[in-house]
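[1] give me coordinates for this.
(chains A and B)
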2 protein chains.
Amino acid sequence: MSVRYLTAKLAQQIDEQLMSAAGAFSLDQLMELAGLACAQTLAKVYSKEKYPRVLVCCGPGNQGGDGLVAARHLGMFGYQPTIWMPKPGSKDIYKRLKTQCDNMKIQTLAPTEETHSLRDALASSDVILDAIFGFSFKPPVRAPFDAALPLLSASGLPIVSVDIPSGWDVEEGNAEGVGLNPDVLISLTAPKEGVRQFTRRHFLGGRFVPKLMEEQFALNLPEYPGFDQIVELPQAKESGPQKL
Amino acid sequence: MSVRYLTAKLAQQIDEQLMSAAGAFSLDQLMELAGLACAQTLAKVYSKEKYPRVLVCCGPGNQGGDGLVAARHLGMFGYQPTIWMPKPGSKDIYKRLKTQCDNMKIQTLAPTEETHSLRDALASSDVILDAIFGFSFKPPVRAPFDAALPLLSASGLPIVSVDIPSGWDVEEGNAEGVGLNPDVLISLTAPKEGVRQFTRRHFLGGRFVPKLMEEQFALNLPEYPGFDQIVELPQAKESGPQKL
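    Numbers count the residues shown, from 1 in each chain, chains lettered A, B, ... in the order given. Got it, this is the predicted structure:
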């Protein structure tokens, strides 16, 4: 039995249940483990010796929060992250996560809709962590991200995307062709329908789904190795229709 | 320069600053990373094949919370943890952490001052995680822990202690001789004065101290390997006075 791919609705339901009275997780806990898994995935594929400068691109929602946590852990691992978060969310947790990054001497680009600072940052980066849009993304891509996605693609830098490559539909994938084309994907909790056709290196993180919920939703999660927070999934075939 | 050993007062000060407006961490975040480091340390030394049954002994304070987080992660890693927490703290976070363990089908012994259930649990365990007392412990050891510590010692099971072996004075160590004699120690944030003479395997966890605070307190933390959450410290010499 292979891992279950989640619809947008089911992903939302699992997220809500994890943080309900029954699931009992706080957002702080889940974001910490998710962001740690993102940082570990990047570190697993791109060494800090060859790819020290990581541009962490953060959206306005919880996905951006995962990015801030990942940036801090990357700083702990010895990388030199820079944060681009042009539309910081208003929740208190984002401010706290940002302060934690400040205390790690991690630079954050001034929040602006202009993309010139993003261009400059791309020119002095080695790899991109794409934490812009997650499983609650609904098209279209709005400013300033509509202008940013083509810049990220055009940079030629390797991209590690979190959960859903930014611009992809959560269920339909990159059908519109406006999304990023990442080299590495880190799915959180369980992969989403839209990435069934993803053929490059694909990791799973979010080793926090309790047994009761894994059974309830028949997730068939793969076994994580040892005490790692991530597990690599088998790569999808390059061509041909996917068996459902 | 070797790592700085902390007085009880300094450990308290660092803890408070991490969770102040300046440090911006929530207790949830720190406890998650601390408990994960504890679970990883146990898993590093005691394999789940040979030592599947872990008795997680939790005190009434934040140290007990670390234990609950560790129990959950040990469940994730494939161990069969059992929780002994005879005096659960009243803070909401302990209840949430306990529910998270319930959802992992982790058994918790009924909270009671009687030690017969502890005796039974010890008889069917392979290793002990000692998360009873931490850096805020002040003697004497009160009931039911005064009766429990000798039982844990007499069990002959290997013991992994968190931060300070239970019963040890945070600065003076096991001078009174009433404390546990663990096989493995996992110090959190930075080791405490009382464990300078600890001669067995000693790990450090809590890879969350921001650079600014590491400098402010001249902690001289060792470099953590790769993207691990723990690092093993060199073992202290068996005998002779310690140079200060």
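[2] all contacts plus neighbour counts: C-alpha atoms, from now on.
    Will do.
[3] give me the neighbour count for A:Ala39.
    By other Cα atoms under 10 Å in any protein chain shown, the residues close to A:Ala39 number 26.
[4] likewise for A:Gly177?
    Neighbours of A:Gly177 (other Cα under 10 Å): 10.
[5] which pLDDT value goes with it?
    pLDDT, A:Gly177: 87.
[6] model confidence over the helix or strand hosting A:Leu97, on average?
    Using DSSP states H and E, A:Leu97 sits in helix A:92-102. Mean pLDDT, computed over helix A:92-102, is 97.
[7] how about that helix as CSV, C-alpha atoms only?
    Taking Å, rounded to 0.1, in the frame of the first residue of the first chain, the C-alpha atoms of helix A:92-102 are listed here in CSV:
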residue,chain,number,x,y,z
ASP,A,92,1.9,37.2,16.7
ILE,A,93,3.7,33.9,16.0
TYR,A,94,5.3,35.3,12.8
LYS,A,95,6.7,38.2,14.7
ARG,A,96,8.2,35.9,17.3
LEU,A,97,9.7,33.6,14.7
LYS,A,98,11.2,36.7,12.9
THR,A,99,12.7,37.9,16.2
GLN,A,100,14.2,34.4,16.7
CYS,A,101,15.9,34.8,13.3
ASP,A,102,17.1,38.3,14.1
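[8] which element follows that helix toward the C-terminus?
    From helix A:92-102, the next helix or strand downstream (DSSP H and E) is strand A:107-108.
[9] state the distance from the residue positioned nearest the centre of chain A to A:Val69.
    Per Cα atoms, centre = their mean, the C-alpha nearest to the average position across chain A is that of A:Val162, at 1.7 Å. Per Cα to Cα, to the nearest Å, A:Val162 is found 12 Å from A:Val69.
[10] just A:Met31 next, same as before
    A:Met31 is 7 Å from A:Val69, by Cα to Cα.
[11] neighbour count: those two, which is higher?
    Neighbour totals were compared for A:Met31 and A:Val69, and A:Val69 leads with 26 against 23 (other Cα under 10 Å).
[12] where does that one sit: helix, strand or coil?
    Classification of A:Val69 using DSSP: H, G, I helix; E, B strand; the rest coil returns helix.
[13] got a list of what it touches?
    A:Met31, A:Glu32, A:Gly35, A:Leu36, A:Leu97 (Cα atoms under 8 Å, 6 or more residues apart in numbering or on different chains).
[14] isn't there a helix covering the first one?
    Yes - residue state for A:Met31 (three-state DSSP) corresponds to a helix.
[15] show me what contacts it?
    A:Asn62, A:Gly65, A:Asp66, A:Val69.
[16] now do 7 Å
    A:Gly65, A:Asp66 (Cα atoms under 7 Å, 6 or more residues apart in numbering or on different chains).
[17] how near is it to B:Phe137?
    Taking Cα to Cα, one finds A:Met31 at 31 Å from B:Phe137.
[18] and what of the last one?
    Relative to B:Phe137, A:Leu97 is positioned 30 Å away (criterion: Cα to Cα).
[19] how about the fourth one?
    From A:Leu36 across to B:Phe137, the span is 31 Å (Cα to Cα).
[20] quick one: which of those two has more around it?
    A:Leu36 (26 against 18).
[21] what about the more buried one, which SS state?
    A:Leu36 ends up helix, using three-state DSSP.
[22] from the contact counts, what lies against the helix holding A:Leu97?
    Helices and strands touching helix A:92-102, by 3 or more Cα pairs under 7 Å, 6 or more residues apart in numbering or on different chains; DSSP states H and E, are helix A:62-77.
[23] do that again at 10 Å, thanks
    With contacts defined as 3 or more Cα pairs under 10 Å, 6 or more residues apart in numbering or on different chains; DSSP states H and E, helix A:92-102 has these neighbours: helix A:27-45, helix A:62-77, strand A:80-84, strand A:107-108, helix B:211-216.
[24] the ones you listed: which one's closest to A:Lys9?
    Nearest of those to A:Lys9, taken as Cα to Cα: helix A:62-77 at 16.3 Å.
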